[in-house]
Structures are given as structure tokens and as C-alpha cells.
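Q: Next comes the sequence, and after it the predicted model I'd like to discuss.
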Amino acid sequence: MMRSRPIGVAVLGMGNVGTEVVRILLENSADLQSRVGAPLELRGVAVRDASRPRPIDPGLLTEDAAELVARDDVDLVVELMGGIYPARDLIGTALKSGKSVVTANKALIAVYTGELSTAAAENGVDLYYEAAVAGAIPVVRPLTQSLAGDTVQRVAGIVNGTTNYILSAMDETGADYDDVLAEAGRLGYAEADPTADVEGYDAASKAAILASIAFHSRVTASDVYREGISRITSDDLEDAKKFDCTVKLLSICERIRTDDGERISARVYPALIPLEHPLATVNGAFNAVVVEAENAGRLMFYGQGAGGAPTASAVLGDLVMAARNRVFHGRGPLESTYASLPVAPIDDVPTRYYVSMKVADRAGVLQQVAGEFSKRNVSIAAVRQEGAGAGARLIVVTHRASDRAQSETVAALEEMDSVIKVSSVLRLEGTDD
Ligand code: NAP
């Protein structure tokens, strides 16, 4: 084994993930040393409240993260505090002083990847964030390295465990959204404020990161079209079954062709997917990402998308890579944005719609409804009529058309006398037509 001077590691944050990272660093130090080619030595751990008891030598704890990052004997910084501030400044300072950084902070990377990657490139160090997307599941590195010679067409995934837990439980039990959300909170699957998860912000950050890497372009969270799951009802899940589908919150990144040329579509919304689609069987808090590349074909990555130890596994993977690069005076791949593809607005993206409406129970309603779709060149793939009298319902599933044409049709339906209420509008994904 080659001998090298120890690599000093600073860990910022000792919560769910940081605690596990510190544990693995200390418990597996001999193996990690052999894999890196030098000992990884923990110099300190920054927390907000150093007086709280923690499973670590108290002498390693500090409330002064900036001072820890600046120490001369720190070579690598692992940021696991979360949030934008002070994480952004601490990471920037570390990179500018020649220290590689590993982070799990998707909210930060999805917005400031440009600034931080530039700092890493200019200072000859690494910025790694495998754990920022889908926890333990290796997806950033496969996209960055394993598929570097291929052309990725599409990355679609379930990348938020909280919403997948909620939708799976609604599907299995028939319970309503609010009840399942409350249960998810009790079981620790949902945070006290679940907004970032249930409204799709977390999934949108991950979509931005995946789209940037997959399409060699810079995509930030605000470029991602986003809808959450809070309006999904148990009726939606029941109705989905009638079409041999289920409902999942999907993060979708794909290359699309528009009149203006090649574009990226990056979008997050709850969608119907056929039961035979590989993502339909991903249940509970699990995550999965399906990558479609021109030559590799379809690849699927599945596993635990969150949790202390699973996420720490991805962090440690990055840490070993960054430490090895340091020992061998190398550097991992830099951010690749050469393609600079623009992101298309959702209006221009071809989508399929599923529209459920309460209608007046009288002759000719179906023709009138069909007429609104055909006026905008949206062709209908399936229609289902249910009930009679005040309970009459019509469910329409369309073929692919621009999202603008689909949403304008829905707006027109809402204005029709014979449509009492458009009760649900969802997109349909995972089909070829
Ligand atoms: P967490 O449990 O809330 O822990 C945050 C830690 O950071 C705490 O130890 C806290 O100190 C410390 N901290 C916060 N602000 C600080 C400051 N200004 N100065 C010093 N220390 C500070 O968070 P987590 O769940 O471990 O998540 C950490 C990161 O991993 C986040 O970016 C998150 O998005 C990402 N991530 C988490 C998961 C997961 O399953 N949890 C999965 C993937 C990615 P105190 O302990 O004193 O409060």
C-alpha cells in the first residue's frame, strides 16, 4: 500500500446524515485508509449546538464552522448542514482555498452549481454531490462517468421518498391525502413542514441536477416546471386503476425537439403511469431512476433514496474519490455544460392528459366535450362514461399533444355549461403513443 500523509476531513453538520458519516469514518477507518491510500483523519465536526450530547469525542465539536473550514490541517470538507446559508459561503471558501468538497445539499447545488463548480475548477479541486439525488442510489456518477460516451435521451424517476410513501399508502389503503400525510409525519417519513416534499420543490431540485448532468447544460431549480401532490385524491388513485395505471410523483428530464431545435424539458408532477412500467412498482419510501441512453438503452437504478446511513454511503463514496484524487494529485470530472441546451417551457412539451369531469346527464355532451379537444388538435385515446343523473362522469385520456393545447382544452371544458366540474387533471407518462 502506498503511504501518504493523512487527509484531514471537516464535517459540517451532525444530524441524520452527518452522524452516520462520522460513524462510518471512525468505524471503517482502516478500510477507508487502504482504499484511499492515506488515513482519513476527522479534524472536527461543526454543529449549531455543541453542548448537546453526541456519539463523538466532544473535543471534536465546534459551533464555528468557518473556523473549522479555514484550518490548515483540513483538506476535505463534507457539508451536511443543509440550507443555502451559511452552506454556500462555507463551500465557496473551502473550494477557493484548495479544499475539495462533498455535499448532500440538493437545494444548494440545484441553484448554485455554476458558481461552486467554477470555484472548484479554478482551484483544481473536486465538488461531489452524489448524495444530493436519490440518497444511496448511484445516479450522479453513472451519468457523469459511466455514460460519458453515450447520449442520454431521458432521465425519469421517483426521487422523493415522502411523496412516494404517501401515494403508495393512498393506493394501497384508499385513505385520503391528509390522513396519509399525518401518518407519514408520525412515522418520520414526512417533516413537520412537508411543503418542500409534497409541493415538489425537493424533486425539482433533483430534476435540475439530473438534467444538468445528463444533457451537459446548466439547469437550475427555477427552470423546472413543478406541481406537487397535495391535490391528489383517493378517487384519482381509484380511477387510475380503471386504466391499469397508478399515480407517481415523477421527475422527468428529456431532450425534446421543438420548432426552434433541440431543447431540454425538466418537469415534476404527479402522473399516471401504466402498471407495467418499471416505476409503477417502486413503492413506499423507495426511489428509482430510469435512464434512457441512445446506445446503452434503458437502465434502472433502485434503492433507498433517503435516511442517515443510506445517504452517508453515497457521501462516503464521494469522500473516498475526492481523497484518492488528493493522494494521487488528480481531479475528478469537471462540470460539463458545453451543450448549453435551453430549457423549453411546459407549454411546448408534448404531454398526454387524463381529465375527469362531472357532466350533465344529457344527450350530446360527449360530442361537445370531444369537440373541444379536436378544435385544438388534441386526439382522444380513451373515454370512459360512469354513473348517471347528478353523478354522471366522463373521463378522457388523450394522445400526445403540446401541453399548451391540452391545458387550453381543459380551460375551455371548465367554461362549458354541460361540464359541471373538471374534478381532476393529471398527465399520463410512460407510454409510447
Ligand atoms: P439535519 O438532521 O437537520 O442536520 C443538520 C445538521 O447541521 C445539525 O447537526 C445542525 O446542528 C447542523 N447545522 C445546521 N446549521 C448549522 C450552522 N449554521 N452551523 C453549524 N451547524 C449547523 O439534516 P440532515 O437530514 O442530516 O440533512 C443534511 C443534508 O443532507 C441536507 O442538505 C439534506 O438535504 C441532505 N440529505 C438528507 C437526506 C436525509 O435522508 N436526511 C437525504 C439526502 C440528502 P445541530 O445538530 O446542533 O442542530
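A: In hand now; what should we look at? Numbering: from 1, shown residues only.
Q: How about the backbone phi and psi for the residue in the stretch 201-350 of the chain that the ligand sits nearest to?
A: When scored by Cβ to the nearest ligand atom, the stretch 201-350 of the chain has A306 as its residue closest to the ligand, at 3.4 Å. Just so you know, the C-beta spots here come from the backbone N, C-alpha and C atoms, and that holds for glycine as well. The phi and psi values for A306, taken as degrees, to the nearest 10, are phi -160, psi -180.
Q: go on, V77?
A: Torsion angles, degrees, to the nearest 10, at V77: phi -120, psi 130.
Q: does it really touch V101, like I thought?
A: Yes - V77 lies in contact with V101 (Cβ atoms under 8 Å); the separation is 5.0 Å.
Q: what residues are shared contacts of these two?
A: Shared contacts of V77 and V101, defined by Cβ atoms under 8 Å, 6 or more residues apart in numbering, comprise I91, A94.
Q: Run through the residues that contact the closest residue to L143 other than its chain neighbours.
A: Spatially, and ignoring its direct neighbours in sequence, L143 is nearest to I213 (4.6 Å; Cβ to Cβ, 6 or more residues apart in numbering). By Cβ under 8 Å, 6+ apart, the contact list for I213 reads V140, L143, T144, S336.
Q: And for Y177?
A: So Y177 contacts I166, M170, I229, S230, I232, T233, S234 (Cβ under 8 Å, 6+ apart).
Q: among those residues, who's most crowded?
A: I166 (28 neighbours; other Cβ atoms under 10 Å).
Q: contacting residues around the nearest residue to that one once chain neighbours are set aside?
A: Residue nearest to I166 in three dimensions, not counting chain neighbours: V180, with 5.0 Å by Cβ to Cβ, 6+ apart. Residues counted as contacts of V180 (Cβ under 8 Å, 6+ apart) are I166, A169, M170, T173.
Q: out of all of them, which helix in this protein is the longest?
A: In the chain, taking DSSP state H as the definition, the longest helix is helix 308-327.
Q: Do me a favour and average the pLDDT over it.
A: Averaging pLDDT along helix 308-327 yields 97.
Q: list the buried ones in stretch 370-384?
A: Neighbour counts over stretch 370-384 (16 or more other Cβ atoms under 10 Å) mark A370, E372, F373, V378, A381 as buried.
Q: Checking my notes, G98 in a strand, right?
A: No - read with DSSP: H, G, I helix; E, B strand; the rest coil, G98 is coil and lies in no strand.
Q: Tell me which residues touch it, please.
A: N123, G124, V125.
Q: any idea which helix or strand comes after whichever helix or strand K206 is part of?
A: In the assignment (DSSP states H and E), K206 maps to helix 201-214. Following helix 201-214 in sequence order, the next helix or strand is strand 225-226 (DSSP H and E).
Q: Quick check: Q368 vs D126, distance?
A: 61 Å (Cβ to Cβ, to the nearest Å).
Q: Tell me which of the two has more neighbours.
A: D126 (24 against 15).
Q: Chain neighbours aside, what residue packs nearest to that one?
A: S100 (4.1 Å).
Q: count of residues packed around that neighbour?
A: 27.
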